[in-house]
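Trainee: just the structure for this:
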Amino acid sequence: MSALSFPLPPPTQNRFTEWFRKTVPNTDEIILYPGEQLPCSTRARALKKVIKPKHVFITCTPEGTFKHRLYGNENAFSNLPKRLYSVCFPKIHVSGVPKDNRITIQISDKTELELPFIPDEFYSQKVAKAERHVNPEHRRTKRRRTQSVPTTNPNYRGWATLRQRTTHNNKYAVLRRIRATLDALDAKHVIPHNPFAACGESFDGVEDAFATVIQFIYHYARGEMRMGNVQSTSLDMSDDVWEMLIHKLTNIT
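Mentor: Below is the predicted model:
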């Protein structure tokens, strides 16, 4: 496979001279494929609209683990978020990825490197997705899941709105309990742990907490928070994040 098929554009001579085999600050990673500095912070809200394949750096640890990083205008490196894999490596089918997701490219007149064709985790996702499509048993299971989503479950044991009067806690009971708990926390000067304090835009590691928040707002606070159904609202999340979330919200296993 030729170097021209590598998804990332070749680094300029200036970027190669500045970054090649330099150490990422505060890590033991060596930069093997220099990218371009972002014109914004790696935490910017508009990052998805700004980022391009040319902004991706590929680094390697002493153990041989490859990582994909970004370099923001705050002069700091951060990991390439999973939700942006498809933005930086677009329109790549698993059948077009080299064996073991490795490719040898000539990065300069005298230097050849073996690099991951796409992020290893992104490759694993594509392999798993391809296997699901060719597995008849999975297709049958997926159809059963799709059919079960709109069906009302008479044994549902979750929250209930006022219009869904059951023997379970209704809206006012839940809100009263929340208010009493908050008052107790204030009285005792206790600050509860923030489950989202350390998460980035990918929400890795806080999926359960995020799903619980979505469930509470949907059933009890959607009107109060003015989050009614707006047709013009666009869904800005990757397919893998949406699939994870919808499974947790609908109790599909």
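Trainee: contacts only, for the residue nearest to residue 52 when sequence neighbours are not counted.
Mentor: In space, and not counting its chain neighbours, residue 52 is closest to residue 88: 7.3 Å by Cβ to Cβ, 6 or more residues apart in numbering. In short, each C-beta sits where N, CA and C put it, glycine included. Contacts for residue 88 (Cβ atoms under 8 Å, 6 or more residues apart in numbering) come out as 7-8, 51-53, 55-56, 68, 80.
Trainee: same thing but 10 Å
Mentor: Residues counted as contacts of residue 88 (Cβ atoms under 10 Å, 6 or more residues apart in numbering) are 7-8, 35, 51-56, 68, 70, 80-81, 118-119, 122.
Trainee: do a quick rundown of the helices in the stretch 101-250 of the chain.
Mentor: Assigned by DSSP state H, counting those that start in this stretch, the helices in the stretch 101-250 of the chain fall at 120-134, 136-148, 171-187, 207-216, 239-249.
Trainee: worst mean pLDDT among the ones you listed?
Mentor: Mean pLDDT is lowest for helix 136-148 among these, at a mean of 54.
Trainee: distance-wise, check the residue nearest to residue 52 relative to residue 64.
Mentor: Shown here: residue 88 relative to residue 64, a distance of 22 Å by Cβ to Cβ, to the nearest Å.
Trainee: these two touch, right, residue 63 and residue 30?
Mentor: No: using Cβ atoms under 10 Å, residue 63 makes no contact with residue 30, being 11.7 Å away.
Trainee: with neighbour numbers in mind, choose between the two.
Mentor: Taking other Cβ atoms under 10 Å, residue 63 and residue 30 do not tie; residue 30 has more neighbours (14 against 6).
Trainee: now do the contacts for that one.
Mentor: With Cβ under 10 Å, 6+ apart, residue 30 has these contacts: 20-24, 59-62.
Trainee: assign residue 15 to helix, strand or coil.
Mentor: When classified by DSSP: H, G, I helix; E, B strand; the rest coil, residue 15 comes out as helix.
Trainee: okay, it: pLDDT?
Mentor: Reading off the model, residue 15 has pLDDT 94.
Trainee: burial measure for the nearest residue to it once chain neighbours are set aside, as a count.
Mentor: Once flanking residues are discounted, residue 15 sits nearest to residue 34: 4.3 Å by Cβ to Cβ, 6+ apart. Residue 34 sits with 24 neighbouring residues when counted by other Cβ under 10 Å.
Trainee: related to what we said a few turns ago, give me the buried entries from the contacts of residue 30.
Mentor: Buried members of the contacts of residue 30, counted by 16 or more other Cβ atoms under 10 Å: 20, 24, 59-60.
Trainee: in strands only, show me those residues.
Mentor: Judged by DSSP state E, the subset of the buried ones among the contacts of residue 30 located in strands is 59-60.
Trainee: so where's the stretch 51-200 of the chain shaky on pLDDT?
Mentor: For the stretch 51-200 of the chain, applying pLDDT under 70 flags the ranges 133-169, 200.
Trainee: make CSV out of the contacts of residue 30 and add distance to residue 226.
Mentor: Formatted as CSV, the contacts of residue 30 follow (distance: Cβ to Cβ, whole Å):
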residue, distance to residue 226
20, 51
21, 53
22, 49
23, 48
24, 43
59, 43
60, 48
61, 46
62, 51
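Trainee: out of those, which comes closest to residue 194?
Mentor: The closest of these to residue 194 turns out to be residue 24 (Cβ to Cβ; 28.4 Å).
Trainee: what about the strands in the stretch 1-150 of the chain?
Mentor: Under the criterion DSSP state E, counting those that start in this stretch, the stretch 1-150 of the chain carries strands at the ranges 30-33, 57-60, 66-71, 77-79, 102-106, 112-116.
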